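Peer 1: I'll drop the sequence and a predicted model, then ask my questions.
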Amino acid sequence: MKYYSKEHEWVRIDGEVAVIGISEHAAHELGDITYVEPPAEDADLIVGDPLGVVESVKAASDVYAPISGTVCEVNSELEEDPGIINSSPEDKGWICKIENFDLAELEELMDEKAYAKYLKELK
């Protein structure tokens, strides 16, 4: 199950690790992504902290931590091919993985149904 923030980040819990990326909506709005600056491994993040930057032909956009934790892995494939986020934003285009997170923070995020409703309200 994925959870979404109002800033269009998603998080999926995979055992002891939380996988984070930007939503399909955000990838579409940004257009062709040309560069991704991921967080540093071992960085400690708190909800709302900038965890990286995604740059596209349209704009540069900060990516914010939807939950707190410690970065344990970054998606190194994005260095070579940042466009992975365009083609697979909620699967292969993940940005980082974190550990030492608090499941209670997920309660502040939206599930897929609530996020879809939120997107309709933005239009």
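Peer 2: Right, received. Where do you want to start?

Peer 1: okay but I67 is in contact with V11, surely?
Peer 2: Yes - assessed by Cβ atoms under 8 Å, I67 is found in contact with V11 at 5.7 Å. The way it works is simple: take the backbone N, C-alpha and C, and place the C-beta from them, glycine included.

Peer 1: got any residues that touch both of the two?
Peer 2: Listed as contacting both I67 and V11 by Cβ atoms under 8 Å, 6 or more residues apart in numbering are 18, 20, 106, 109.

Peer 1: was I right about I46 contacting I67?
Peer 2: No - contact criterion Cβ under 8 Å: I46 and I67 do not qualify, at 9.2 Å.

Peer 1: let me see the ranges of the helices in the protein.
Peer 2: Secondary structure of the chain (DSSP state H): helices at 24-30, 77-80, 84-87, 112-122.

Peer 1: report the central residue of the chain.
Peer 2: G21 (2.3 Å; Cα atoms, centre = their mean).

Peer 1: break down this structure into its strands, ranges please.
Peer 2: 2-4, 9-14, 17-22, 33-37, 44-45, 50-56, 60-64, 69-74, 96-99 (DSSP state E).

Peer 1: and L106, how many residues sit next to it?
Peer 2: When neighbours are defined as other Cβ atoms under 10 Å, L106 has 17 of them.

Peer 1: next up, the contacts around the residue nearest to it when sequence neighbours are not counted.
Peer 2: Once flanking residues are discounted, L106 sits nearest to Y3: 5.2 Å by Cβ to Cβ, 6 or more residues apart in numbering. If you count contacts by Cβ under 8 Å, 6+ apart, Y3 has them with 10-12, 66, 106, 109-111.
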